[in-house]
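Chemist: Mind looking at a prediction? Sequence and model below.
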Amino acid sequence: MPPILIATRGSALARAQSGMVLAECRAKFPGLSFDLVIIKTTGDKLQNARLAEAAGAADPRTAPPPQLPRALFTKELEDALLEGRADLAVHSLKDLPTDLPGGLRLAGVAGMRADVRDVLIYRVDNGLAPRMRLPDFPPGLTVATGSARRLTQLLASRPDFRAIPIRGNVPTRLRKLTEQPEMDATILAAAGLERLDIRVSPTGLLRGGGVPHDLAACVLEPELMLPCVGQGAIGLEIRDKDARLAEICRRLDHYQTSQCVAAERSFLRAMGGGCQTPIGAYACVAGRRIYMRAVAHLTQNVRRAEARAPLPDAVALGEKVAAQLLGEAP
């Protein structure tokens, strides 16, 4: 029997995540053979494109940096599924659009969700020291981010900060932070750092293989910065009628995490499905209920909403929170 082919992007983070899924597949299905298929996506090819610089003249407070469409990081993997060149695609779930191509479906979430928080990474120089909190930073800190969600929430707490655009994977952004003196800090997902074996030490410094020296980290709690929909979760996408892969994904799936991201993705779909409007959402489980918070930057106003529901009602919960933000419900 030919091996089951697992499609993944080629970045270090994508390889780390797909490696986790591959190891779990081999452990739970010792009688089957699995191999990775590395596929370069359009989004990977555009990581070094000067899209951000093209918009550099705009004021980031009124015109957030342009967002690469999410499908740019998934389309080639999905094409491989549809054409039979792969059987299972592994995604950072935050990159997977809510509307999938016909013939494909999200079949599960691999394991428990990682840390959903964002982390402000900064150079320890010019008066900046390890273990600083957000209120401790001096006025005028220059933070590089390509995320409208992160930018609007950061400036809501620290309107005195200055924002500039940045693109690239985790190692590239860390390198840019150390090499470009006009940049004081950047914001990355804690989950991505952890999966690359990069940790915040007890001293507040960033440590890990290949991490530049003298970088420190300030963890941004969800109360301050709600994460992207699906942040920290690994999605498993398959062909809609592939019963064998559906059963494999069912065995890999973590039910509570699946319900949380189902609520968040339902919310995103109800908000319009795209990332042009800066939004954040986070659902978590407490007992047999699911609790969700969301934020959206609509016109000139930042609106927030929250709600609870029984665990099986995750999709309806996401729709309810979106309706609150859109003014369609109390």
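Modeler: Yep, that arrived. This one's a predicted model, so the numbers in the text were calculated from it and none came from an experiment.

Chemist: use CA for all of it now, contacts and neighbours both
Modeler: Noted.

Chemist: State the mean pLDDT of stretch 84-91.
Modeler: If you average the pLDDT over stretch 84-91, you get 97.

Chemist: Buried residues, it. List them.
Modeler: 86-91 (16 or more other C-alpha atoms under 10 Å).

Chemist: Same question for stretch 196-204.
Modeler: 196, 198-200, 204.

Chemist: Just the terminal-to-terminal distance for that stretch.
Modeler: For stretch 196-204, the first-to-last residue distance is 18 Å (C-alpha to C-alpha, to the nearest Å).

Chemist: Count the residues that sit near A191.
Modeler: By the measure other C-alpha atoms under 10 Å, the count of residues near A191 is 21.

Chemist: who's in contact with the helix or strand that it is a member of?
Modeler: Using DSSP states H and E, A191 sits in helix 190-195. Residues outside helix 190-195 that contact it (C-alpha atoms under 8 Å, 6 or more residues apart in numbering) are 13, 16-17, 114-119, 170, 199, 231-232.

Chemist: which one of these sits closest to G280?
Modeler: Distance to G280 across the contacts of helix 190-195 (C-alpha to C-alpha) is lowest for Q231, with 9.7 Å.

Chemist: Distance of that closest one relative to A14?
Modeler: On the measure of C-alpha to C-alpha, Q231 and A14 end up 14 Å apart.

Chemist: As a check, name the ranges of all helices in the stretch 1-150 of the chain.
Modeler: Assigned by DSSP state H, counting those that start in this stretch, the helices in the stretch 1-150 of the chain fall at 12-28, 42-45, 51-54, 75-82, 148-157.

Chemist: got CSV for those, with distance to A216 and mean neighbour count too?
Modeler: As requested, the helices of the stretch 1-150 of the chain are exported to CSV (distance: least, C-alpha to C-alpha, whole Å; neighbours: other C-alpha atoms under 10 Å):
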stretch, distance to A216, mean neighbour count
helix 12-28, 20, 17
helix 42-45, 27, 15
helix 51-54, 25, 15
helix 75-82, 35, 20
helix 148-157, 18, 20
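
Chemist: Would you convert those into a markdown table that also reports distance to L177?
Modeler: Listed next are the helices of the stretch 1-150 of the chain as a markdown table, based on distance: least, C-alpha to C-alpha, whole Å:
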| stretch | distance to L177 |
| --- | --- |
| helix 12-28 | 18 |
| helix 42-45 | 20 |
| helix 51-54 | 16 |
| helix 75-82 | 30 |
| helix 148-157 | 17 |
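
Chemist: weakest of those in terms of mean pLDDT?
Modeler: Of all these, helix 51-54 carries the lowest average pLDDT, namely a mean of 38.

Chemist: got any ranges where the stretch 201-330 of the chain has weak pLDDT?
Modeler: Residues of the stretch 201-330 of the chain meeting the criterion pLDDT under 70: 273-276, 299, 328-330.

Chemist: can you map out the helices along it?
Modeler: Here the stretch 201-330 of the chain has its helices, by DSSP H, counting those that start in this stretch, at 243-252, 255-271, 314-325.

Chemist: Dump those into a markdown table; add distance to L236 as well.
Modeler: Compiled in a markdown table, the helices of the stretch 201-330 of the chain are given as follows (distance: least, C-alpha to C-alpha, whole Å):
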| stretch | distance to L236 |
| --- | --- |
| helix 243-252 | 7 |
| helix 255-271 | 11 |
| helix 314-325 | 18 |
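
Chemist: Nearest to M225 among the ones you listed would be which one?
Modeler: Ranking the helices of the stretch 201-330 of the chain by proximity to M225 (C-alpha to C-alpha) places helix 255-271 first, at 15.4 Å.

Chemist: quick one: that closest one to helix 314-325, angle?
Modeler: 40 degrees (axes from the mean of the first three to the mean of the last three C-alpha atoms, to 10 degrees).

Chemist: got the buried residues for helix 255-271?
Modeler: Here helix 255-271 shows 256-271 as buried, counting by 16+ other C-alpha under 10 Å.

Chemist: Report the two of those separated the most.
Modeler: The distance between the two most remote of those (C-alpha to C-alpha) is 22.9 Å, for Q256 and M271.
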